[in-house]
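K.L.:
Curious how this folds, go ahead:
(chains A and B)
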There are 2 protein chains.
Amino acid sequence: MTRADSSAPDVGELTPPNRTLMGPGPSDVHPRVLKAMSTPLVGHLDPSFIEIMDEVQELLRYTFQTDNQWTIPVSGTGSASMEAAIGNVVEPGDTMLVPTNGYFGGRMASMARRAGGEVVEVDAPWGEPLEPAVVSDALAEHDPDVFGFVHAETSTGVLQPDVPALTAAAHDHDALVIADTVTSLGGVELRVDDWDIDVAYSGPQKCLSCPPGASPLTLSDAAMEKVLSREEEPRSWYLDLSLLEGYWGEERAYHHTAPVTNVYAIREALRLVAEEGIETRWDRHRHLAGALKAGMEGMGLEMNAPEEYWLPSLNAVGVPEDVDDGEVCGAVLEKYDLEIATGLGDLAGDIFRIGCMGYSARPENVTLTVAALGDALESLGGSVDPDGGVAACRQAL
Amino acid sequence: MTRADSSAPDVGELTPPNRTLMGPGPSDVHPRVLKAMSTPLVGHLDPSFIEIMDEVQELLRYTFQTDNQWTIPVSGTGSASMEAAIGNVVEPGDTMLVPTNGYFGGRMASMARRAGGEVVEVDAPWGEPLEPAVVSDALAEHDPDVFGFVHAETSTGVLQPDVPALTAAAHDHDALVIADTVTSLGGVELRVDDWDIDVAYSGPQKCLSCPPGASPLTLSDAAMEKVLSREEEPRSWYLDLSLLEGYWGEERAYHHTAPVTNVYAIREALRLVAEEGIETRWDRHRHLAGALKAGMEGMGLEMNAPEEYWLPSLNAVGVPEDVDDGEVCGAVLEKYDLEIATGLGDLAGDIFRIGCMGYSARPENVTLTVAALGDALESLGGSVDPDGGVAACRQAL
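P.N.:
Numbers count the residues shown, from 1 in each chain, chains lettered A, B, ... in the order given. Okay, the predicted model is just below:
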C-alpha cells in the first residue's frame, strides 16, 4: 500500500438518527419516495428518461395548477430555482420591487442586484402580509419591471392572502410577478393560472416531502418571452433558461447532467400529490396544522400570525418568557428525536418555527409535537399547560 | 371531488429499464450508494448532519489528494461546481485563459464571460492535449489572472499529461489555476496539492459513481483569499462561496437547504474510494479500461487518443466507415440495455464515447461492452472483427 492509499480516512457506516421532521424543512420523506431514490439510474439522455421528464412536467403543472409549458424541476435546491427565476427574468437595468416583510424578500433583493437589476422595496413589517393598496402605491411610485412577493413566508409563518389583488396591481403597471411558493406548493391553496402569477418557484423538501435537489419552477409564456428576448445572456450558465429550453424542450439536447435520482424522487412525490388530489391535500394540511395550532394555543402559547393570514405549513409560535428557544429545540431533539426550529432574522429568539408539511402532516406527528414541546417548555421553566395543549390538539384532530 | 382534484394526472409506477451505464456518465451506482440514497433525512442543521458534513469534507480531501480546508460538495450537478469555481474566482475585469481543445473549454469561456471576465484562448486542436510551451506563450502574451484547463476531456477522451508543467507556467505568470477534473476525480491519477492546482471541480456521477446532485470542489488558501477579498460580490447568490463559508465553515449558519440525501450518497461513494485506496482505484481504472481498449483495437477500431494521452475513464473510439454512430448506440441500448454515447461538438459523428468509470469499471461490463459493440457494428454493416475484439479484451483482463 502506498502513502496515499494508507492515509485513507476511516469513516464508519452512515447511521443518522431517526428524526421526526417538524421544522421548516426538510420534512419527513414518504417511504415510496425514499424507495424511488434507490432506483438504479438511467442516463440523462436515455429515451426512458425523456418520458420520465415529461411525466414530471405534467405532474408539476397539476401541482402548480397551471398549463404553463415552461414548468420544470431545476437542478438544485429551492434557492437554485429562486435564482433561476430572478436571474433570468431580471435583466441588467431592470427594476425589481421586493417586499420587506420577511427573510426571503431580502434574498430576492440580493439575487436581483446580482442579476444587474435595481431593487426597490415595498414596505411591510416582518410578520405582516402585503397590503394590495400599499403594493399599488409602490408600483405607481417605482414603475418596476418585475414584482416579487413571498406567498408563504417561512421566517414568519405568514400566508399572503388575496394574491389576485397583488398580481392585478402589478399587471396594471406592466410588471411581471414572481412568487416565492417554497412553503406553499403542495400544502396550501395555490393557483398559478387562476391567480395570474407569471413565475413561481418552489422547493421539494417542504410540502412535497421530497429530498432537496430538484426544485419546481414555472413560467408563463409572457415571462418566457422576456427571458428568450434578453439582450444580454443571464449571468448564470447553469441556470440559463434559454439553454435549459434545449434540454427540457423538444430538442432534448445535452446541457448539463440532470440529477436523475432527484427527478425520480420528485416524480414519486408528485404522484403522491396527484393520488391524494391537490385540494384534498390542501385541506389535510389545514386540518392537521389546525390541530397543531389548537395544541399550541391550548397550552397557552401565542401564534405569531393571526387567523386571517396564518400559514398552516409553517407555524410561528411565540417563545414564552423565561425560556431559551435554542435550549427548547435542543431538548425535544435530544429526548424525542423531533426537529423543530428557532426563529430567523428579525424574529430570532422570539418564535419557534414548527412545520406541518407533506408527509410530516400526520396526526401522530402533530400529537407528538404538541406533547414534546409542552414537556420541554415545562421542564425548562416555561409557564405552560402541557395537558391543556395535548387535549386541545386531540379535540381538533 | 372538485375539478382540480379530478384532473390529477394518472402517472404509473417508476419502472425505468435496467441499464448498464458505459457512457460518459452517469456511471452505474454501487448498491451501497443506492441504499444510502434511501436513508430517511435529518435536517440540514441537525448536529448529526454537521458531523456528516465534516466526514464528507475529509473524504473529499483524500480523493482530491489535498489538504485544502476549502473542500466541499456544491449543491448541484458538476456544472454547478464548475460555475461555483469560475464565478467566484473570476472577477469583473479579470482575464481568464481557457483552452480550445475540447467541449468543456468552451463552457469555461461562457461562464467566465458571464462572470464579467474577459476570455482569451490558448490554442490547441480538439483531441490534442495542451503543450506547456504553448500555454507559456499564451500566458506571456495575455497575462491572465486565471488559467483554466481540462484534466480529462470527456468530449475527446484526452488526458492532459504533465499537469505540473502547466501549473508552474501559470504560477510563473501569477495566474491562478482552475482544473476541470470532472472525469478524472476518483478514476485517474490526480494530486491537487502535489501538482499545485489552485481550484479543482468535479462531478459525482463519473468516476465516483454517485448520482448527480452534490459536486466536489476544492480551493487553495490563495484562491479562497482572492474569493474572499472580491470588490464586487459574485453574480450568483446560490453559489457564492463567501456565503457558503458560513455554512461549511465553523459558523454552520443557514445559507440554503443542503441536498441532504445527495450528501449521504457522496459520503458512501467516497467511503468506497477510501476503502479501495485511491491509487489502487486509479490502477483498476487503467487496467479495466486497458482491456476495453484492447478489445476495441482487437476488433479493428481506432482510439481517438494515442497511448500517451489516452484517458482510461472515457474512451473515444473512432466510428468505422459505413455505419451510423447513432444507430449503433441505439442498437446496443435496445438489445443489451447498454448505454454508450455518440460524439459531441467537433467530434460528433466521428467517435463513440465509452466510459469506464467507478463501479461501472468491472470485468463483466467491459466484456459486455466489447461484445455488444462488436455485434452491433457487424449487424449494421461495419467492417469489424467482433471475435478478435472479445479475445483481445479477455487476454488483457
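K.L.:
from here on, contacts and neighbour counts on C-alpha atoms
P.N.:
Fine.
K.L.:
Tell me the residues of the stretch 101-250 of chain A that contact chain B?
P.N.:
By C-alpha under 8 Å from any C-alpha of the partner chain, the residues of the stretch 101-250 of chain A that approach chain B are A:110-111, A:114-115, A:211-213, A:233-238.
K.L.:
Show me which pair in those residues is furthest apart.
P.N.:
Every pair in those was compared (C-alpha to C-alpha); the two farthest apart turn out to be A:Pro211 and A:Glu233, at 30.9 Å.
K.L.:
Who are the contact partners of A:Ser215?
P.N.:
A:72-78, A:80-81, A:201-204 (C-alpha atoms under 8 Å, 6 or more residues apart in numbering or on different chains).
K.L.:
Who is it paired with across the strands?
P.N.:
Per DSSP bridges, residues listed as beta-bridge partners of A:Ser215: A:Val74.
K.L.:
What of A:Thr342?
P.N.:
Going by DSSP bridges, A:Thr342 forms beta bridges with A:Phe352.
K.L.:
number of nearby residues for it?
P.N.:
Look at A:Thr342: counted by other C-alpha atoms under 10 Å in any protein chain shown, it has 25 neighbours.
K.L.:
and what of A:Glu250?
P.N.:
Each residue near A:Glu250 was counted by other C-alpha under 10 Å, and the total is 8.
K.L.:
quick one, phi/psi of it?
P.N.:
Summarising the backbone geometry of A:Glu250 under the convention degrees, to the nearest 10, its torsions are phi -70, psi -20.
K.L.:
State the distance from it to A:Ser242.
P.N.:
Here the distance between A:Glu250 and A:Ser242 works out to 13 Å (C-alpha to C-alpha, to the nearest Å).
K.L.:
And A:Ser155, by the same measure?
P.N.:
The gap separating A:Ser155 from A:Ser242 is 32 Å, by C-alpha to C-alpha.
K.L.:
which intervals of chain A have sub-threshold pLDDT?
P.N.:
A:1-4 (pLDDT under 70).
K.L.:
try 90
P.N.:
Counting by pLDDT under 90, the low-confidence segments of chain A come to A:1-7, A:249-254, A:345.
K.L.:
For it, which helix extends over the most residues?
P.N.:
Ranked by residue count and defined by DSSP state H, the top helix of chain A is helix A:278-298.
K.L.:
Need the residues that contact that one.
P.N.:
The contact list for helix A:278-298, computed with C-alpha under 8 Å, 6+ apart, reads A:63, A:186-189, A:273, A:302-303, A:312-313, A:315, A:317, A:356-358, A:361-363, A:366-367, A:369-370, A:385, A:388-397, B:2, B:4-5, B:8.
K.L.:
Show me the residues you listed that map onto helices.
P.N.:
Checked against DSSP H, those include these in helices: A:63, A:273, A:363, A:366-367, A:369-370, A:388-396, B:4-5.
K.L.:
Mark which of those residues are buried, thanks.
P.N.:
Listed as buried from the ones in helices among the contacts of helix A:278-298 are A:63, A:273, A:363, A:366-367, A:369-370, A:388-394, A:396, B:4-5; burial here means 16 or more other C-alpha atoms under 10 Å in any protein chain shown.
K.L.:
thinking again about what came up before, could you check which of A:Ser155 and A:Ser242 is surrounded by more residues?
P.N.:
A:Ser155 (26 against 18).
K.L.:
How far away from the center of its chain is the helix or strand that contains A:Ala165?
P.N.:
Under the criterion DSSP states H and E, the helix or strand holding A:Ala165 is helix A:163-172. Centroid displacement of helix A:163-172 relative to its chain, using C-alpha atoms, centre = their mean, to the nearest Å, is 22 Å.
K.L.:
contact partners of the helix or strand following it?
P.N.:
Next in sequence after helix A:163-172, counting helices and strands by DSSP H and E, comes strand A:176-180. For strand A:176-180, the external contacting residues (C-alpha under 8 Å, 6+ apart) are A:82, A:85-86, A:145-152, A:167, A:170-171, A:197-202, A:223.
K.L.:
change it to 6 Å
P.N.:
With contacts defined as C-alpha atoms under 6 Å, 6 or more residues apart in numbering or on different chains, strand A:176-180 is touched by A:146-151, A:197-201.
K.L.:
and that strand, which strands flank it?
P.N.:
strand A:146-150 (parallel), strand A:199-201 (parallel).
K.L.:
That strand: which residues count as buried?
P.N.:
By neighbour count, and taking 16+ other C-alpha under 10 Å as the criterion, the buried residues in strand A:176-180 are A:176-180.
K.L.:
Kindly report the domain assignment for chain A.
P.N.:
In the domain annotation for chain A, the residue ranges read A:31-275, A:278-396 (automatic domain parsing).
K.L.:
Rebuild these as TSV, extending it with distance to A:Thr20.
P.N.:
Below are the domains of chain A laid out as TSV (distance: least, C-alpha to C-alpha, whole Å):
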stretch	distance to A:Thr20
domain A:31-275	12
domain A:278-396	5
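K.L.:
can you pull the contacts of A:Val370?
P.N.:
Contacts of A:Val370 were listed using C-alpha under 6 Å, 6+ apart, and they are A:Gly295.
K.L.:
so how far is A:Pro24 from it?
P.N.:
Using C-alpha to C-alpha, we find A:Val370 at a distance of 16 Å from A:Pro24.
K.L.:
before we move on, back to that, out of the domains of chain A, which comes closest to B:Ala140?
P.N.:
When those are ranked by distance to B:Ala140, counting by C-alpha to C-alpha, first place goes to domain A:31-275 at 28.9 Å.
K.L.:
residues in contact with A:Thr156?
P.N.:
Taking C-alpha under 6 Å, 6+ apart as the criterion, A:Thr156 is in contact with A:Gly127.
K.L.:
A:Thr71: what secondary structure?
P.N.:
Local secondary structure at A:Thr71 is given as strand here, using DSSP: H, G, I helix; E, B strand; the rest coil.
K.L.:
coming back round to it: redo the strands paired with strand A:176-180 as a markdown table? Include distance to B:Leu219 and mean neighbour count.
P.N.:
Shown next, in a markdown table, are the strands paired with strand A:176-180 (distance: least, C-alpha to C-alpha, whole Å; neighbours: other C-alpha atoms under 10 Å in any protein chain shown):
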| stretch | distance to B:Leu219 | mean neighbour count |
| --- | --- | --- |
| strand A:146-150 | 35 | 28 |
| strand A:199-201 | 31 | 28 |
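K.L.:
coming back round to it: including secondary structure and neighbour count, could the residues of the stretch 101-250 of chain A next to chain B go into a markdown table?
P.N.:
Supplementary listing: those in a markdown table, determined by DSSP: H, G, I helix; E, B strand; the rest coil; neighbours: other C-alpha atoms under 10 Å in any protein chain shown:
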| residue | secondary structure | neighbour count |
| --- | --- | --- |
| A:Ser110 | helix | 19 |
| A:Met111 | helix | 25 |
| A:Arg114 | helix | 22 |
| A:Ala115 | coil | 26 |
| A:Pro211 | coil | 34 |
| A:Pro212 | coil | 29 |
| A:Gly213 | coil | 34 |
| A:Glu233 | coil | 20 |
| A:Pro234 | coil | 26 |
| A:Arg235 | coil | 26 |
| A:Ser236 | coil | 25 |
| A:Trp237 | coil | 26 |
| A:Tyr238 | coil | 25 |
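K.L.:
for the contacts of strand A:176-180, which one is nearest chain B?
P.N.:
Ranked by distance to chain B (C-alpha to the nearest C-alpha), the contacts of strand A:176-180 are led by A:Tyr201 at 14.3 Å.
K.L.:
The closest residue to the closest one other than its chain neighbours sits in which helix or strand?
P.N.:
In this structure, A:Tyr201 finds its nearest non-sequential neighbour in A:Leu217, 4.3 Å apart by C-alpha to C-alpha, 6 or more residues apart in numbering or on different chains. Following DSSP H and E, the helix or strand that holds A:Leu217 is strand A:215-219.
K.L.:
likewise A:Val98?
P.N.:
With DSSP H and E as the criterion, the answer for A:Val98 is strand A:95-99.
K.L.:
Partner strands of that strand and their direction?
P.N.:
Based on DSSP bridges, the pairing partners of strand A:95-99 within the sheet are strand A:118-122 (parallel), strand A:146-150 (parallel).
K.L.:
in terms of contact, does A:Ser75 touch A:Pro216 like I think?
P.N.:
No: using C-alpha atoms under 6 Å, A:Ser75 makes no contact with A:Pro216, being 9.3 Å away.
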